[in-house]
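# I need the structure of the sequence given here:
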Amino acid sequence: MSSSQGDRVRSRRTPEAARANILLAAEDLLRSEGPDNFRLAEVARRAGTTHSNVIAHFGSVIALQRHTAARIAHTLIGEIAARMQEQNLDTEPVHDVVQTLFAALALPSNRRLFAWIFLHDQAEPLPGVAEALLALRDITQRRLLARGKVSAADPAVAGRIIQLVIAAAVGQAMAGRYVESLAPDAPDALPGLITQLLYEGLA
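Next comes the predicted model:
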């Protein structure tokens with residue numbers, strides 16, 4: 001077997017492996033260069049494949065963008081869930097999820113990526129993200145019950161907490177510097193205030 005034939009055999013991937021490799025390259029490009037520099041040709045170059053192969057696997061640039069956005073969102077939510085699981089059950093779960101989400105979205109790279117994700121979530125929910133959020137809800141519910149919060153027996157209670165916290169954290173990440181003049185004496189007090197308000201509503 002010639003060297004070139006050997007290279008072709010070694011580089012041959014299953015369709016699933018090829019898609020995963022392209023998504024990894026696309027995510028790497030987004031994280032290193034930002035959404036404004038998301039170019040199909042560059043994704044193909046980083047993946048070691050061709051423009052036509054990328055289109056063959058994903059159908060269009062928009063589809064690749066959506067799948068990449070889903071991969072990033074799923075990863076970030078999974079990281080948050082992992083941190084929640086690592087916390088001692090004696091700590092306050094609402095405080096933990098608030099602080100973790102606000103801290104994750106406060107990072108400039110994540111803030112930019114989430115803004116890009118929202119802009120590319122126009123047709124239907126991104127694949128896999130709903131399941132990741134449900135896992136985060138379930139972790140929050142278990143920890144609330146461990147703290148004696150009986151109202152959390154209804155999973156919708158933990159779900160609404162996650163909804164409110166994400167909405168607040170996203171709003172703070174996207175618009176915080178524009179509205180910080182409303183409370184200039186305590187610009188970082190919002191996570192604590194949200195934690196307090198949520199706990200006041202829990203039995």
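# Now do stretch 19-35: everything it contacts.
Contacts to stretch 19-35, defined as CB atoms under 8 Å, 6 or more residues apart in numbering, come from residues 13, 37-39, 42-44, 46-49, 53-54, 57-58, 64-65, 67-68, 71-72, 109, 112-113, 115-116. Quick note: C-beta positions are derived from backbone N, CA and C, even for glycine.
# In the record's domain split, what are the boundaries for this protein?
Here the domain parsing of the chain from automatic domain parsing is 1-59, 65-200.
# Deepest-packed of those domains, please.
The highest mean neighbour count among the domains of the chain, using mean count of other CB atoms under 10 Å, belongs to domain 65-200: a mean of 16.
# can you give me the offset of that one from its chain's centre?
Chain-centre distance of domain 65-200: 10 Å, with CA atoms, centre = their mean, to the nearest Å.
# Where does the prediction get shaky in this structure?
Residues of the chain meeting the criterion pLDDT under 70: 1-12, 86-91, 120-125, 187.
# which ones are touching the residue most central in space within it?
When CA atoms, centre = their mean is applied to the chain, the residue found nearest the centroid is A73 (2.5 Å). A73 is in contact with 114, 117, 126, 129, 132, counting by CB under 8 Å, 6+ apart.
# Which two among those are spaced furthest apart?
Using CB to CB, the contacts of A73 reach their maximum pairwise distance at F114 and A132, which is 13.7 Å.
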